[in-house]
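In: Generate coordinates for the sequence data below:
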Amino acid sequence: MYTRLLLIFSLASGTALAQATASLPEQQESVQSLIDRIQQLEKRISELEDHQRKQDAARAASTGLQTLTEIQGSQGSQEKATLAPGLHSEPAPSSTEVREAEVHYPSLQIRGFGDVDFSATNEKGSVSGFNLGQLVLHLASPLSKKVGYFGELSFTARPTGYDVQVERTIIRYDYNDYFKISFGKYHTPIGYWNTAFHHGAWLQTTISRPEMVKFGGSFIPVHFVGLQAEGSLPSGGLGLGYSVGLGNGRSSILSKAGDSGDSNDNRAWVASVFARPTRFYGLQVGGSVYGDKLSPDPGRNFGEWITAADVVWAKERPEFLSEFANVHHRDLRTSQTFNSQAFYVQLAYRLPWLESKWKPYYRFEYIHRPANEPVWDVSGLSSVTDLASSTLGVRYDITNYAAFKGEYRNNRTGANEPRVNGAFFQTAFTF
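Out: Alright, predicted model coming up:
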């Protein structure tokens, strides 16, 4: 507005000077020319002001997406929900721009993920073909400056229809960087993968998750219902962080969480600590402990103690992921103890040529369950005592928001079982 007044004043002064020095006909022509010029300038100023308003609206939208990203995960998976690994986006708004943008509460943001898969193996009785995979919706909304909500819904194709699940629903209060408390349903903070990569296959490099953290699997409890405190620890460049949770344990079906209540009126707990040294960007070293009481059958109770460790170099050149977990079960009636182990090592590298769209990878994973393990026997897993699997694949990022993946897998699910070979393909995307 001040710019407009200054222009009009300057042009009016020019008009007065022209009137004092020119003849009447020339005055009239000059005045009309100046009036036309003023109208053009006013129109241009109006266009600039309209452009500025659109920029402010875009910044506000960016701020909302940034809020969605921050809520999505407590261990850094959020940047993958915005861009394919290795590719670039527009710079995030500065803190000044964020303050200038008007914030509304609540302000719902929605992101979606999907995948279409094809598989073929030489396993007897298996059927090759296409599968729709999962359709996943991420919903996030700030409720105030320090309170936010995040939800995740999945729609999974089944032979009898679609299975709809509430995968996560979380309300979180951020007191400061050192203390954030939330309530709801989480991905259990055991190890790295389970909190770094959520539903939506586009987020991860590979087609599938490792077997030890597989959705629908039971080696570790993938979901957790309760409360969780998390934050940073004063540690300088070491970058220490923590997470502590208390809630319902597994349901009587070990692959499911206690959404509607604990199956045996016994609280489960989980604690983890990790270091992300600022000197080594992308490096994380962490450890986790989980404790619970299981009741897979009436009258049969087991103590469960899970310890896990991870070493991760979360970069594109290279990407190195590794985890180990030991699941300790104790029969509370006989005091017998059983230990099962699992680990995986995954290495990937985004090639620097061809616009950095190609990313080959390899993963080896191993699981050992004692043959006489009563918990796995009750849960119907007694036939699977061991797993040794190799996966070789490549990811091609079609755009910043869609990727094509191809894998060859070779695995054995028991000492006396034949090896199975298979080819797997996936188109994964986010919208």
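In: From Glu323, how far off is Glu230?
Out: Going from Glu230 to Glu323 by CB to CB, to the nearest Å gives 19 Å. (C-beta placed from N, C-alpha, C; glycine too.)
In: Next: Gly422.
Out: In terms of CB to CB, Gly422 sits 23 Å off from Glu323.
In: before we move on, the earlier item: neighbour-wise, which of Glu230 and Glu323 wins?
Out: Each of Glu230 and Glu323 has its neighbours counted (other CB atoms under 10 Å); Glu323 has more, 26 against 20.
In: Which strands border the helix or strand encompassing that one, and is each parallel or antiparallel?
Out: Glu323 belongs to strand 319-331 when elements are defined using DSSP states H and E. Using DSSP bridges, strand 319-331 pairs in its sheet with strand 300-314 (antiparallel), strand 337-348 (antiparallel).
In: List the buried residues in it.
Out: 319-325, 327, 329-330 (16 or more other CB atoms under 10 Å).
In: With distance to Val116 and pLDDT added, can I get the residues you listed in TSV?
Out: Below are those laid out as TSV (distance: CB to CB, whole Å; pLDDT from 0 to 100):
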residue	distance to Val116	pLDDT
Glu319	24	97
Phe320	29	98
Leu321	25	98
Ser322	30	98
Glu323	28	98
Phe324	33	98
Ala325	31	98
Val327	34	97
His329	38	96
Arg330	44	95
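In: Which two among these are spaced furthest apart?
Out: Glu319 and Arg330 (37.1 Å; CB to CB).
In: doesn't Arg37 fall inside a helix?
Out: Yes. When DSSP: H, G, I helix; E, B strand; the rest coil is applied, Arg37 is found to be in a helix.
In: Can you tell me who Ala325 pairs with across the strands?
Out: If you apply DSSP bridges, the partners that Ala325 bridges to are Ala308, Ala342.
In: Against which helices or strands is the strand or helix carrying Tyr149 packed?
Out: Secondary structure from DSSP H and E places Tyr149 in strand 147-158. Applying 3 or more CB pairs under 8 Å, 6 or more residues apart in numbering; DSSP states H and E, we find strand 147-158 packed against helix 24-72, strand 134-142, strand 161-176.
In: CA-only coordinates of the strand holding Glu323 in PDB, if you can.
Out: Only the C-alpha atoms of strand 319-331 are listed here, as PDB (Å, rounded to 0.1, in the frame of the first residue of the first chain):
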ATOM      1  CA  GLU A 319      22.800 -47.500   3.200                       C
ATOM      2  CA  PHE A 320      23.600 -50.100   5.900                       C
ATOM      3  CA  LEU A 321      21.000 -51.500   8.200                       C
ATOM      4  CA  SER A 322      21.500 -54.300  10.800                       C
ATOM      5  CA  GLU A 323      19.600 -55.600  13.800                       C
ATOM      6  CA  PHE A 324      19.700 -58.400  16.300                       C
ATOM      7  CA  ALA A 325      17.000 -59.600  18.700                       C
ATOM      8  CA  ASN A 326      16.800 -62.300  21.300                       C
ATOM      9  CA  VAL A 327      13.400 -63.400  22.500                       C
ATOM     10  CA  HIS A 328      13.500 -65.100  25.900                       C
ATOM     11  CA  HIS A 329      10.400 -67.100  27.100                       C
ATOM     12  CA  ARG A 330      10.000 -68.600  30.600                       C
ATOM     13  CA  ASP A 331       7.300 -71.000  31.400                       C
END
